[in-house]
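Asker: mind looking at a prediction? Sequence and model below.
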Amino acid sequence: MKREKGVFDRLFDVFVYTALSALVIVTLYPLIYVLFASFSEPGEFITHKGFLWRPLGLSFDAYESVIRNPGILIGYRNTFFIVVAGVTVNLVMTALAAYVLSRKNVLWNNAIMFFIVFTMFFSGGLIPLYLIVKGVGLLDSLWSTIVPFAVSTFNLIIMRTSFMGIPDSLEESAKIDGANHATILLRIILPLSMPVIAVMILYYAVDKWNGWFYASIFIKSRDLYPLQLVLREILIANSTDSMTAGADAGDRHQIGETIKYATIVVATAPILFVYPFVQRYFVKGVMIGSLKG
Amino acid sequence: MKRLLMAALAIIMVGTLLVACSSKDNNANKGESPAASNSPSATTEASANQQGEEGGAATYPLNTDKTLTYWGELTGNLVGVKATHDEVPFFQEWQKVTGVKLNFIAPPSGQAKEALNILLASGDLPDIIEYNFLSDFPGGPEKAIADGYILRLNDLIDQHAPNLKKFLQENPDIDKMVKTDNGSYYAFPFIRGDEYLRVFQGPIIRKDWLDELGLPVPETIDEWTSTLREFKEKKGASAPFTVNSKPRFFNDSYNGAFLGAFGVNRGFYQEDGVIKYGPAESGFKDYLGLFQQWYKEGLLDKNIATADAKSIDSNWASGQTGASVGNAGGGIGRWQPLVEQNSANAVLAAAPYPVLNKGDKPKFGQKDNAYSSGGIVAVTTAAKDAELAVKLLDYGYSEEGRMFFNFGTEGVSYNLVDGYPKYTDLLMKNPDKLAPAQAMSMYIRGSYNGPFIQDKRYAEQFFALQTQRDAIDVWKNTDASNYGLPPLTPTPEESSEYATIMNDINTLIDEMTLKIVLGTESVDKFEGYVEKMKSLKLDRAIEIQTAAWERYKNR
Amino acid sequence: MADARAALGTAKPSGSLARRRRVVKDFATNKYLYLMIVPVLVYYAVFHYAPMYGALIAFKEYSPMKGILGSDWAGFKHFEDFFNSYYFLRILKNTILISLYTLVFEFPAPIILALLINEVRNKAFKRTAQTITYMPYFISLVVICGIITDFTNSDGVINRFFMLFGYDGQAMLQRPELFRPIYVLSEIWQRIGWESIIYIAALMSVDMEQYEAARMDGASRLKQMFYITLPGIMPTIAIMLILRMGNLMNVGFEKIILLYNPVTYETADVISSFVYRKGLLEFGWSYGSAVGLFNSVINLALLITANWISRRVNNSSLW
């Protein structure tokens, strides 16, 4: 029996590794494409079709154009603030709500859930929101991209489900020991939910990092523009689908293509490091064993 | 990903201001301009001849210490170069020469529509707004006036904008275009001052290939077919003819290229006093038949359904394409360096709009109207000094103003050479390596739009290549003026019905076109499609257009 | 999962007095909890419910000046406009079909990926796989669709690959019957890594001891996966599924527009892309809002149904 198991398991391993390797190669390609494109000679890139095995020529022109823009540094600074402050607000608010909503025997929980979930479907639209944000005095500040988006219902649901998965016995025994809700949340629930919290950080951070639309509506001062908004303007400026009767020389158009990719690299590279960073929190079976009984 | 969905949902559903909010009380007077600006500075201007006397122009710079707020998008050409209007030499100079200080507010590039919505809803109106009220405002300019956002400028122009007034009096056909059906002036218009400026698109072909093969520039459809065949066989072109097909097959056929040879256009046009719709006419069937044949023979790009700007660039550069349709600037200008990669002596030149029989004049061709609604500037009902605003904006139509808007400042951006304003190297060979379009936008507005009259001499210099300059002359030789329609707008009540009908019809036609061209369906299906068009209320759409046309003619 | 009421006590007096007593008792026990959630409730009230009157725009002839409340009433006109369109049934069908195909084929993919990654022993490989597979999610849609178009055009890499198997070489995006497969497969490509993250996290909380026990009983890895791992993350899967059902009508227009063209309208044109084209012709927002409202109502109904089913079958639900 042991030998059969061994062969079967071995085959299974082979399958797993092969499938994953294939997937890795296939999903790596877009990133490679973007990287190579950003370093390519504009003229050569324009004419290229098919697989990109390597950068075509080697040119830093695209990056030069992008980095030369003074708005980039300002953009990074603003976005950094938005991510740090924003994710903090997000986590605190979401965790509070998820904790409450995951408790049993709370009479109004179902009603509150519906109250919250309903907002995923019906929205008043942009302008009423604008007026509210204005009324609250948040206009033209970085907080306008944080406070009105303090909780993502989707994320809240995920966190709540995860909290609900923690055995009641832990809460019970803590209560017997005289713990109040704050203690339970901070000492028991959160430490046991590190993987989910890591995912929440990732989700919220990526969301804040990528945001530009609401910033474009709520923020007037250019020195408060987040990174993505700055980059978007660069992209638009360099896209020569122009309506103006006389467009510009061909060169600017060609570099426009490679600039598009350099922009993507500049915009995306930092956030790509967040996931590897939070992966360390994906630790199996944290402390459940030790806290049992 | 969820956030994107939410944002998308939010974007779809846009709302507005609580009725309660304050500053909406001025919807009482429907924007009839209160010429009641008793500000001392306005009257102390040397504009003694204010009573609409011809030639009684105000002298610039105006004598005032007021500051006006100006809301408008910064041209895309300057994004990444300069961040705000204040940093752009043109706007700095503009304030100096007119004597009016301006406080600029610019929405982020590409977000003008949303930003304007918010602006109007929030009630913080600036004094002046630069925005395309004709095509991008729900209900149109008449509604913007009726709703109390912008002023009806008739009296103001009559009394304080003599330059514009004179120009409109001398050009009654343009005058009709810039008014609404009710005869209201709503904004200071952007005028393309010469026919040369209104034509900029047409067929483009590899002249060097023609020379090499000993072929003349094709003029008739048959000549085109045989030329393309030669391109395919002798030059190995796999996509001898390709055109931008996003969002629909041969998007530029709206301007009548190739379609015109069969007597029709892709949209509405007029013939013998009646409005017709191209795709419902028999000529359209012949056009479809031609392209179906071309596709079958391999004369048309195999990937035509997905052909976009990028694939076209690629085809030019790799020598797979010999002909296309494009702009003098964005086409020839953009593709010339690309074809040179394929072959050092490659030359792109313009070909005339094709006709059926040799010697015919092309019935349709691209020709923009003299009045173009991008860059127009309106005065809002919140303007504290409407008179001043109007005087400021009138500058662009004066002699001085025309030179300034088109050429900038003498000695800086241009020099008079034998009476001809020649752009300096600051613009054409910018020391900071800015492309001409960018450098120009720093010093002039002639290269994009604004409240002034565009001068032909800008284009003559902007087109660096002789082929570009020649192209305009080749392309402007069409009958488009006789068959084209002026910009028509349905009434606000009809506009949503019209949009519904046209959306269905366009979907139908775009599908039919590609299906037939690709050979999936036979050309004989055409009549069936026309039946469907009728059942989709095409006649009602024509009716709405006809009514709009009548109103236009009576302006 | 225990019944709330059973936990509270035994005999229950009935009637409104009893109800009031329950409420009071509940407040006494749980007042700190309610306090804790007040900030979040305020947030939703201020930023989600207060602006909700804007949804009325779907029923009005919107005029910016009059505002939403003051604009003329249009009743169901915009909805009728939408339903009476010649293409209504087609875009509805396409929307639902694309959503369903995505649900059936793309939804399980990240789960399978998470399970596979979970089985990998080699830490380095595991990390690499996790870190790379999620990257396409970050590459802008425009670039991704550009790559897809390039590969599936005639002479494109994928196209030529299939020609080896007898494909005739026509540009794949010119064939209506190929649109949905291309759409769904590329969805998987772009999303599989990112969406697997939540499942990988959920896997972390599956009890190690159960694996030990199973191994002692001689269960194979595959059996372990089916009887321990999968049930262990079932609550997460259920919730994700419910939420997905609540989004069925939301096929985003961006990707559709980047990939479709008139020849594939018959399978590719969905509600959002159709409305987008209309929006280019007309500049009011009432029509778009009406359609959005229609979508939302259906989505909500689907969510409620899915939630109810899940509660019965699985005992995990949103409420």
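Answerer: In hand now; what should we look at?

Asker: quick one: what helix or strand has the residue in the stretch 351-500 of chain B positioned nearest to chain C in it?
Answerer: With Cβ to the nearest Cβ as the measure, residue B:499 is the residue of the stretch 351-500 of chain B nearest to chain C, at 3.4 Å. Glycine gets a C-beta too; all of them are placed from N, C-alpha and C. Using DSSP states H and E, residue B:499 maps to helix B:492-517.

Asker: over to residue B:400?
Answerer: Here residue B:400 sits within helix B:399-407, counting by DSSP H and E.

Asker: as PDB, could you dump the C-alpha coordinates of that helix?
Answerer: What follows is helix B:399-407, C-alpha atoms only, in PDB (Å, rounded to 0.1, in the frame of the first residue of the first chain):
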ATOM      1  CA  GLU B 399      -6.400  92.600 -36.500                       C
ATOM      2  CA  GLU B 400      -4.000  92.700 -33.600                       C
ATOM      3  CA  GLY B 401      -5.600  89.800 -31.900                       C
ATOM      4  CA  ARG B 402      -5.600  87.600 -34.900                       C
ATOM      5  CA  MET B 403      -1.800  88.100 -35.300                       C
ATOM      6  CA  PHE B 404      -1.300  87.400 -31.600                       C
ATOM      7  CA  PHE B 405      -3.400  84.300 -31.400                       C
ATOM      8  CA  ASN B 406      -2.000  82.800 -34.600                       C
ATOM      9  CA  PHE B 407       1.600  83.900 -34.500                       C
END
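
Asker: right, and the helix or strand after it?
Answerer: Once the chain leaves helix B:399-407, the next helix or strand it forms, by DSSP H and E, is strand B:414-417.

Asker: the helix or strand following that following strand pairs with which strands?
Answerer: Downstream of strand B:414-417, the first helix or strand assigned by DSSP H and E is strand B:420-423. Partner strands for strand B:420-423, per DSSP bridges, with pairing direction: strand B:414-417 (antiparallel).

Asker: residues making contact with the partner strand?
Answerer: Strand B:414-417 has contacts (Cβ atoms under 8 Å, 6 or more residues apart in numbering or on different chains) with B:407, B:408, B:410, B:421, B:422, B:423, B:424, B:427.

Asker: closest residue of chain A to chain C?
Answerer: Distances between chain A and chain C by Cβ to the nearest Cβ are smallest at residue A:124, namely 2.9 Å.

Asker: which residue sits closest to that residue, ignoring its sequence neighbours?
Answerer: Once flanking residues are discounted, residue A:124 sits nearest to residue C:54: 2.9 Å by Cβ to Cβ, 6 or more residues apart in numbering or on different chains.

Asker: verify the contact between the one you found and residue C:68 for me.
Answerer: Yes. At 6.0 Å, residue C:54 counts as touching residue C:68 under the criterion of Cβ atoms under 8 Å.

Asker: next, the buried residues of the helix holding residue B:400.
Answerer: Of the residues in helix B:399-407, B:401, B:402, B:403, B:404, B:405, B:406, B:407 count as buried by neighbour count, 16 or more other Cβ atoms under 10 Å in any protein chain shown.

Asker: helices along the stretch 151-300 of chain B, start to end?
Answerer: Here the stretch 151-300 of chain B has its helices, by DSSP state H, counting those that start in this stretch, at B:154-160, B:162-170, B:172-178, B:195-198, B:207-213, B:221-235, B:282-297.

Asker: go through those and name the closest to residue B:545.
Answerer: In terms of Cβ to Cβ, the element of the helices of the stretch 151-300 of chain B nearest to residue B:545 is helix B:172-178, at 16.3 Å.

Asker: buried ones in the closest one?
Answerer: B:174, B:175, B:176, B:177, B:178.

Asker: same question, stretch B:444-460
Answerer: B:444-455, B:457-459.

Asker: any regions of chain B where pLDDT drops low?
Answerer: Where chain B drops to pLDDT under 70, the residues are B:1-57, B:80.

Asker: mind giving me the domain split of it?
Answerer: B:59-197+B:367-454, B:201-365+B:484-553 (automatic domain parsing).

Asker: after the host helix or strand of residue C:35 comes which helix or strand?
Answerer: Here residue C:35, judged by DSSP H and E, is contained in helix C:16-44. As assigned by DSSP H and E, the chain's next helix or strand after helix C:16-44 is strand C:60-61.

Asker: one step back: tally of neighbours for the residue of chain A closest to chain C?
Answerer: Residues lying near residue A:124 (other Cβ atoms under 10 Å in any protein chain shown) number 26.

Asker: and for residue B:104?
Answerer: For residue B:104, the neighbour count with other Cβ under 10 Å is 19.

Asker: skipping its backbone neighbours, what lies nearest it in space?
Answerer: residue B:85 is the one closest to residue B:104 (Cβ to Cβ, 6+ apart), at 3.8 Å.

Asker: does whatever helix or strand residue C:125 lives in come close to chain A?
Answerer: Using DSSP H and E, residue C:125 sits in helix C:123-133. Yes. Interface with chain A: helix C:123-133 contributes C:125, C:127, C:128, C:129, C:130, C:131, C:132, C:133 (Cβ under 8 Å from any Cβ of the partner chain).

Asker: circling back: reformat the buried residues of helix B:172-178 as a markdown table; add distance to chain C.
Answerer: Below are the buried residues of helix B:172-178 laid out as a markdown table (distance: Cβ to the nearest Cβ, whole Å):
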| residue | distance to chain C |
| --- | --- |
| B:174 | 24 |
| B:175 | 25 |
| B:176 | 23 |
| B:177 | 20 |
| B:178 | 20 |
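
Asker: residues touching residue A:37, list them.
Answerer: Residue A:37 makes contact with A:45, A:52, A:55, A:257, A:258, A:261, according to Cβ under 8 Å, 6+ apart.

Asker: ok, and the most crowded of those?
Answerer: For the contacts of residue A:37, counting by other Cβ under 10 Å, the largest number of neighbours falls to residue A:258: 29 neighbours.

Asker: that residue and residue A:34, how far apart?
Answerer: As judged by Cβ to Cβ, to the nearest Å, residue A:258 and residue A:34 stand 10 Å apart.

Asker: pick out the residue in the stretch 151-300 of chain C sitting closest to chain A.
Answerer: Nearest residue of the stretch 151-300 of chain C to chain A: residue C:201, at 3.8 Å (Cβ to the nearest Cβ).
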